[in-house]
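Enquirer: Next come a sequence and a model predicted from it.
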Amino acid sequence: MLKRIFILLLPLFFFDAQAQQRTIRPGELWPDNHGVHINAHGGGILYHKGTYYWYGEHKAEHTSAALVGITCYSSKDLVNWTYRGVALPVDSQRGSDIERGCTIERPKVVYCPATKKFVLWFHLELKGRGYAAARAAVAIADKPTGPFTYLRSGRVNPYCYPANWTDTDRQRCDTLNAAHYSQWWTAPWRDAIRQGLFLKREKDGGQMARDMTLFVDDDGRAYHLFSSEDNLTLHLAELSTDFTYHTGRYWRIAPGGQNEAPTLFKYHGRYWLITSGCTGWAPNEARMFSADSLTGEWTQWPSPCRGPQAKQTFGGQGTFVLPVAGRPEAFIFMADVWRPKHPIDARYVWLPITFRDGRPVVEWRDEWSPSTFWSH
Ligand code: GAL
């Protein structure tokens, strides 16, 4: 009897897993086409030929180490996501940069028209070395779903000073003596950080690169934006025309400001940056900056978040701002609500960005539908 009931109900379960969802419910479980919670954390979105591709960190049950790799999902409506598999798997080879058990964070993919390749950058930490490596890693593919071919990883822009530094800036940095600043967080130490104390320390080996995003400007130039200098200062680094190298030209943003989780977008000719502070997996208040040119000057604004838990970025940490294709006024702020004790259960907070007095606002909603972007 039980068996018969089960067989009768089976199509219902099947139908349920396939059912089209209509709304995004920030912070709730988000089932993919198999009915499984999407596993693409710290992610970013690529829009290509009518389809959105979501890349993210595959998280395991009890560790944040990479056991699988970078996953890919696709969608046409931003609500219903189809699992497309592992775009870049970890390597079983011992000693490989991306050996199983390494740390892979915040993957982002852009399309390079010059080479017709999909270019994936991510933050890489070598297996068993905590967060000491602070490397940027790059891989390429012919198709958005991969498989991606791993190219290389390393620190960024060795021997280079920021592109906008004057001779005086360089000399001042060169004469900083680390022995005078062994104690952190003092006023003189903060000044020295702003003048490039850690930039000098890393200059020959290349700058540290952790939390990151990618941005392609309207002129087709691509940039890698990452937390550098021990997470104290953001670097915006120009990429080569094939998007797989750094050119050596970079600009510091908010020196000494301790920004992580950078997201960058352009609205009405102005660049907007939403970041977080540095409190590990615990949420903190988002920060916002704007500039009329990518090379600065950046102006800081209050957090764009409004509503319950706005002071904690709704319990999350930003990862990407998604410009909705064909809708120049529509952007989505994407954040992760981390669950470090049960990483696979981390949640997604996606909220539409509205603009008030020309400034981005991210207001909490229990439930919303991206279809509103297309209906007016
Ligand atoms: C966060 C960072 C995450 C991850 C985590 C590790 O601040 O944004 O990507 O690195 O720290 O504690």
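Expert: Cool, got the structure.
Enquirer: Contact residues of the protein facing the ligand?
Expert: Within reach of the ligand by C-beta under 6 Å from any ligand atom, the chain has these residues: 42, 105-106, 211, 260-261, 278, 280-281, 317. No exception for glycine: its C-beta is placed from N, CA and C like everyone else's.
Enquirer: Check the secondary structure at residue 194 for me.
Expert: helix (DSSP: H, G, I helix; E, B strand; the rest coil).
Enquirer: Report how many residues lie close to it.
Expert: For residue 194, the tally of surrounding residues (other C-beta atoms under 10 Å) stands at 16.
Enquirer: cool, and residue 229?
Expert: By the criterion of other C-beta under 10 Å, residue 229 has 23 neighbours.
Enquirer: residue contacts, it?
Expert: Residue 229 makes contacts with 193, 198-199, 202, 207-208, 235, 255, as judged by C-beta atoms under 8 Å, 6 or more residues apart in numbering.
Enquirer: quick one: it from residue 173, how far?
Expert: 12 Å (C-beta to C-beta, to the nearest Å).
Enquirer: Mind listing the shared neighbours of those two?
Expert: Joint contacts of residue 229 and residue 173 (C-beta under 8 Å, 6+ apart) are residue 199.
Enquirer: Identify the residue nearest residue 217 in space, chain neighbours excluded?
Expert: Closest residue to residue 217 in three dimensions, ignoring its sequence neighbours and counting by C-beta to C-beta, 6 or more residues apart in numbering: residue 294, at 6.7 Å.
Enquirer: That neighbour against residue 225, yeah?
Expert: No - counting by C-beta atoms under 8 Å, residue 225 is not a contact partner of residue 294; they are 9.3 Å apart.
Enquirer: which one of the two has more residues nearby?
Expert: In terms of neighbours (other C-beta under 10 Å), residue 225 is the more surrounded of residue 294 and residue 225; the figures are 26 against 19.
Enquirer: The strand or helix carrying the more buried one pairs with which strands, parallel or anti?
Expert: Per DSSP states H and E, residue 225 falls inside strand 222-228. Next to strand 222-228 in the sheet, as set by DSSP bridges, lie strand 212-216 (antiparallel), strand 233-239 (antiparallel).
Enquirer: from the ones you listed, which stretch is densest packed?
Expert: Sort the strands paired with strand 222-228 by mean neighbour count, taking mean count of other C-beta atoms under 10 Å, and strand 233-239 sits at the top with a mean of 24.
Enquirer: chain center to it: distance?
Expert: Relative to its parent chain, strand 233-239 has a centroid offset of 14 Å by C-alpha atoms, centre = their mean, to the nearest Å.
Enquirer: pLDDT weak spots in the protein?
Expert: For the chain, the stretches with pLDDT under 70 are 1-18, 376.
Enquirer: Find the closest residue to the ligand in the protein.
Expert: Closest residue of the chain to the ligand, C-beta to the nearest ligand atom: residue 280 (3.8 Å).
Enquirer: Which residue is the nearest non-sequential neighbour of that residue?
Expert: Nearest one to residue 280, counting by C-beta to C-beta, 6+ apart, is residue 340 at 8.0 Å.
Enquirer: Can you report phi and psi for that neighbour?
Expert: Per-residue torsions, residue 340: phi -60, psi -30 (degrees, to the nearest 10).
Enquirer: And for residue 248, the neighbour number?
Expert: The local packing of residue 248 (other C-beta under 10 Å) involves 15 other residues.
Enquirer: How is it assigned, secondary-structure-wise?
Expert: Following three-state DSSP, the label given to residue 248 is strand.
Enquirer: Could you give the number of residues near the closest residue to it other than its chain neighbours?
Expert: Nearest residue to residue 248 in three dimensions, chain neighbours excluded: residue 160, at 4.5 Å (C-beta to C-beta, 6+ apart). Residue 160 has 18 neighbours, counted by other C-beta under 10 Å.
Enquirer: same check, this time on the one 3 residues further on
Expert: Neighbourhood size, residue 163 [other C-beta under 10 Å]: 16.
Enquirer: How about it: what's its closest non-neighbour residue?
Expert: Residue nearest to residue 163 in three dimensions, not counting chain neighbours: residue 249, with 4.3 Å by C-beta to C-beta, 6+ apart.
Enquirer: which residues does residue 60 contact?
Expert: By C-beta under 8 Å, 6+ apart, the contact set of residue 60 is 67-68, 343-344.
Enquirer: was I right about residue 28 contacting residue 349?
Expert: No - with contacts counted by C-beta under 8 Å, residue 28 stays clear of residue 349, the gap being 9.8 Å.
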